[in-house]
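K.L.:
please work out how this folds:
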Amino acid sequence: ADASRLRPHVLLSQENTQIRELQRENRELWVSLEEHQDALELIMSKYRQQMLQLLQGRKGEDAEPVLEAHQANSLEIENQIDRICEMGEVMRKAIQVDDDQFFKVQEKLAQLELENKELRELLSISKESFEVVKEDLPD
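P.N.:
Coordinates of the predicted model:
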């Protein structure tokens, strides 16, 4: 069907459905992102524990290269966690925009429904008065 011929409320309900789908998908992505962050944090803490045990079993000079490697790895993983947190923030903002958009659409739909109701009432009044005028006319 030609989109321009569809009634506004049909278009809006399609838009509503799309928005709801996006919101659902965003929430799922958000949950998986948080799980991912938790997993990374867990990996980091286990890694730190292992490094600590490894370092405790070595003499000072032996520990130096291990410590350097640990710091480099640690930094890399923390950068990844930061990036994931940034992505999460972007997604949180996107969800907020979606919610705002959804409410705007809902508001527009309510306005159109009200207008539709008023127009139907006007139309029925005008039909009634037309009938009255017709009845008063001589045959």
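
K.L.:
run through this protein and note the low-pLDDT ranges.
P.N.:
1-7, 58-61, 63, 138-139 (pLDDT under 70).

K.L.:
center of it - which residue?
P.N.:
The residue lying closest to the centre of the chain (CA atoms, centre = their mean) is Ile95, at 2.9 Å.

K.L.:
skipping adjacent residues, who's closest to that one in space?
P.N.:
Asn26 (4.8 Å; CB to CB, 6 or more residues apart in numbering). C-beta coordinates here come from the backbone N, C-alpha and C atoms, glycine included.

K.L.:
where do the helices sit along this protein?
P.N.:
Remark: helices assigned in the chain by DSSP state H are 8-56, 60-136.

K.L.:
what angle do the first one and helix 60-136 make?
P.N.:
Between the direction of helix 8-56 and that of helix 60-136, the angle (axes from the mean of the first three to the mean of the last three CA atoms, to 10 degrees) works out to 170 degrees.

K.L.:
point out the other helices and strands that helix 8-56 packs with.
P.N.:
Contact here means 3 or more CB pairs under 8 Å, 6 or more residues apart in numbering; DSSP states H and E; on that basis helix 8-56 packs against helix 60-136.

K.L.:
okay, now the closest residue to Leu40 other than its chain neighbours: neighbour count?
P.N.:
Spatial nearest neighbour of Leu40, chain neighbours left out: Ile81 (5.3 Å); criterion: CB to CB, 6+ apart. By other CB atoms under 10 Å, the residues close to Ile81 number 16.

K.L.:
shouldn't the residue nearest to Ile95 be in contact with Gln96?
P.N.:
No. Look at Asn26 against Gln96 with CB atoms under 8 Å: they stay out of range, at 10.0 Å.

K.L.:
and for stretch 94-110, what's in contact with it?
P.N.:
Contacts with stretch 94-110, where a contact means CB atoms under 8 Å, 6 or more residues apart in numbering, come from 9, 12-13, 15-16, 19-20, 22-23, 26-27, 30.

K.L.:
picking up where we left off before, tally of neighbours for the residue nearest to Ile95?
P.N.:
Neighbours of Asn26 under the rule other CB under 10 Å: 17.
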